[in-house]
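Student: coords below, sequence missing:
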């Protein structure tokens, strides 16, 4: 089929599928936007001669929709842990046996979070990070958690923002009402919704664009990913904390698709990423955590010495990770609509 | 007599309208010269760095400022590749959809055949269909017939709905034409082909050009359909920018947007100049 079409459209197809000739030497990554250090891809190509293409998506669901509809050509995807589980159940992923690679010993067992793949036979932990509070200490004074955070507008007149993300925002309510961030109990989700609604009047916006606003002084505090620290290496008055009451964390894994055309190259990429210096290269640019234990010593001091970025075991107990909530998604959706539309 | 108050109100309204339309563009142009690498909303100082980077003139490795920018996510090459993809796709889709759209408009206006009304209706359908439905539909179609996703599938996908746009614009122009001119041409012995070239197409030209420009712009702009039917390595500029949402949009985007605005102005000005020359 494909060759026929190529024949029909001659020059067009030739120019469009340029590179297909070297099919043995390619690898197609499908990753979140700006979620990998381009230097890693460059080094991988230098070392192995495999040409890498990188395409991007902006959410797990977007990626799943495309793969599930049957889009092929991609070798590696980077789903969050709960999406990793969903994709495994749907049979979309390929067993790689990466846990038998010699350098797999570098991986912290605590980062093997997939329920469907507890031994890492399929996927490799890629990166993880926390979601917490950024605040401008000059305006708010020291704060420790969500209670202080929601008190900022009334106490100081400063503005606060939350992420424009259903699970993240409801997680705050669930944590503050003592429930699990993966609760499937409608009553608990309702209580969480009520908590957020009770504090909504002080929230200026639900947005991902809070970091520029924090720098310029338009807002006093924001709910954001640890990666936001990249903006504040030279602004000591902007602090990042993991809330005392608890926060959330995320982790993405490197998975090979069952439909991957270059499975061997994909496996080579996974092995390449097991090298501490490569994993550290990603941390230095992405400002998040790595599952690679020796890599943790190789990261820049700003990251290594900040207990909110490089979290200790004690802090880790306060962090919750999202799981697939399947059917409960329906009333999460409803709760989120209520929150977004309430006056 | 004109009412001075009404006139003043109208002037203010018109000015406000233009500010509303153009202010965002000027903000983008302004910030494209901001040297702040991670936070483009905070003015640092004036720089051409982003333009130099886009044009491949920046010496990234030895630049002292670049070292400070270790934090800044360097993905200019990816963005340039995305821009190249977008321009290639737009060039092909514009050509194809303009030819098909124009031909269809002429056929439906000048010839009688069965089910004409049905064709007319069906041509409107892709325009009215939500992008997401068309995107998923196309993806499933391509997968079903076993066609690999590539730049070709993006072009086919865009042509399915851009043809409708061109058709509608050319059809509007067509409706205003006097068929008597073509009849006269035929009476004077011109073949159908000559009539098409010498009589019909020159009269349709503004409509065809308008349709082509619209098709080009929409193709450059499309996110949803492209997302679904793009193959590996065929990320277009809108898809690339959308993917950056979590990390915040980067300063090069301002520079690239400014260059695109500049290119549009040049194209529009050239078009106007060519037209004014003809009437002389």
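Tutor: In hand now; what should we look at? As the structure is a prediction and not an experimental result, all values here were calculated from the model. Residues are numbered from 1 along each chain as shown, chains lettered A, B, ... in the order given.
Student: And the helices in the stretch 1-150 of chain A, which stretches?
Tutor: Taking DSSP state H, counting those that start in this stretch to define them, one finds helices in the stretch 1-150 of chain A at A:2-16, A:38-48, A:60-68, A:81-89, A:137-140, A:146-156.
Student: oh, I was asking about the stretch 151-280 of chain B
Tutor: So, for the stretch 151-280 of chain B - with DSSP H, counting those that start in this stretch - the helices run B:151-175, B:179-187, B:192-195, B:201-221, B:224-229, B:237-243, B:251-279.
Student: Tell me which of these lies nearest to chain A.
Tutor: Closest approach to chain A among the helices of the stretch 151-280 of chain B is made by helix B:237-243 (2.7 Å; Cβ to the nearest Cβ). Just so you know, the C-beta spots here come from the backbone N, C-alpha and C atoms, and that holds for glycine as well.
Student: Just give the number of residues close to residue A:221.
Tutor: Residues near residue A:221, counting by other Cβ atoms under 10 Å in any protein chain shown, number 28.
Student: my guess is it contacts residue A:160, does it?
Tutor: Yes: look at residue A:221 against residue A:160 with Cβ atoms under 8 Å: they come within range, at 4.8 Å.
Student: before we move on, the earlier item: deepest-packed of the helices of the stretch 1-150 of chain A, please.
Tutor: Sort the helices of the stretch 1-150 of chain A by mean neighbour count, taking mean count of other Cβ atoms under 10 Å in any protein chain shown, and helix A:81-89 sits at the top with a mean of 22.
Student: Near the closest residue to chain B within chain A, how many other residues are there?
Tutor: Relative to chain B, the nearest point of chain A is residue A:33 (2.7 Å; Cβ to the nearest Cβ). Neighbourhood size, residue A:33 [other Cβ under 10 Å]: 23.
Student: Show the model's pLDDT score for it.
Tutor: pLDDT, residue A:33: 84.
Student: how about it, phi and psi?
Tutor: Dihedral pair for residue A:33: phi -60, psi 130, per degrees, to the nearest 10.
Student: Now it. Nearest residue, chain neighbours left out?
Tutor: With Cβ to Cβ, 6 or more residues apart in numbering or on different chains as the criterion, residue A:33 has its nearest non-adjacent residue at 2.7 Å, and that residue is residue B:243.
Student: Tell me if I'm right that that neighbour and residue A:32 touch.
Tutor: Yes: contact status for residue B:243 versus residue A:32: in contact at 6.9 Å, counting by Cβ under 8 Å.
Student: Could you tell me which residues touch both of these two?
Tutor: Residues touching both residue B:243 and residue A:32 comprise A:56, A:57, A:58, with contact defined as Cβ atoms under 8 Å, 6 or more residues apart in numbering or on different chains.
Student: Following element in sequence after the worst-scoring helix or strand of chain B on mean pLDDT, please.
Tutor: Lowest by mean pLDDT, DSSP states H and E among the helices and strands of chain B is helix B:64-68, with a mean of 42. With elements assigned by DSSP states H and E, the helix or strand that comes after helix B:64-68 is helix B:76-110.
Student: and the angle from that next one to helix B:179-187?
Tutor: Orientation check (axes from the mean of the first three to the mean of the last three Cα atoms, to 10 degrees): helix B:76-110 against helix B:179-187 gives 80 degrees.
Student: I would like the residues contacting the helix or strand just after helix B:76-110, please.
Tutor: Counting by DSSP H and E, the element after helix B:76-110 in chain order, helix or strand, is helix B:116-128. Contacting residues not belonging to helix B:116-128 are listed as B:104, B:108, B:134, B:160, B:161, B:163, B:164, B:165, B:167, B:168 [Cβ under 8 Å, 6+ apart].
Student: of these, closest to residue B:255?
Tutor: Looking at these and their distance to residue B:255, the nearest is residue B:165, at 29.3 Å (Cβ to Cβ).
Student: ok, the closest one - how many residues close by?
Tutor: Around residue B:165 there are 22 residues (other Cβ under 10 Å).
Student: Was I right to think it contacts residue B:101?
Tutor: Yes: with contacts counted by Cβ under 8 Å, residue B:165 reaches residue B:101, the gap being 7.2 Å.
Student: what touches both of those two?
Tutor: Joint contacts of residue B:165 and residue B:101 (Cβ under 8 Å, 6+ apart) are B:211, B:215.
Student: follow-up on the earlier one: which ones among the shared contacts of residue B:243 and residue A:32 also lie next to chain B?
Tutor: Residues shared between the shared contacts of residue B:243 and residue A:32 and the neighbourhood of chain B are A:56, A:57, A:58 [Cβ under 8 Å from any Cβ of the partner chain].
Student: And the nearest residue to the first one once chain neighbours are set aside, how far from residue A:68?
Tutor: Excluding the flanking residues, the one nearest residue A:56 by Cβ to Cβ, 6+ apart is residue B:243, at 3.3 Å. For residue B:243, the distance to residue A:68 equals 19 Å [Cβ to Cβ, to the nearest Å].
Student: remind me which residues of the chain are low pLDDT?
Tutor: You didn't pick a chain, so chain A it is. A:1-24 (pLDDT under 70).
Student: Let me rephrase: I mean chain B.
Tutor: Scanning chain B for pLDDT under 70 picks out the ranges B:1-2, B:37-41, B:56-74, B:245-249, B:275, B:277-280.
Student: Give me the domain ranges for it.
Tutor: B:1-31, B:76-279 (automatic domain parsing).
Student: show me the contacts for the residue nearest to residue A:56.
Tutor: Counted by Cβ under 8 Å, 6+ apart, residue B:243 has contacts A:32, A:33, A:34, A:56, A:57, A:58, B:235.
Student: Contact partners for residue 159?
Tutor: All of this refers to chain A. Counted by Cβ under 8 Å, 6+ apart, residue A:159 has contacts A:153, A:204, A:218, A:219, A:220.
Student: my bad, chain B
Tutor: Going by Cβ under 8 Å, 6+ apart, the list of residues near residue B:159 reads B:93, B:96, B:97, B:100.
Student: As a markdown table, the residues you listed with neighbour count and distance to residue A:41 would be great.
Tutor: Listed next are those as a markdown table, based on neighbours: other Cβ atoms under 10 Å in any protein chain shown; distance: Cβ to Cβ, whole Å:
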| residue | neighbour count | distance to residue A:41 |
| --- | --- | --- |
| B:93 | 26 | 29 |
| B:96 | 19 | 34 |
| B:97 | 28 | 35 |
| B:100 | 16 | 39 |
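Student: No further queries at this time; thank you.
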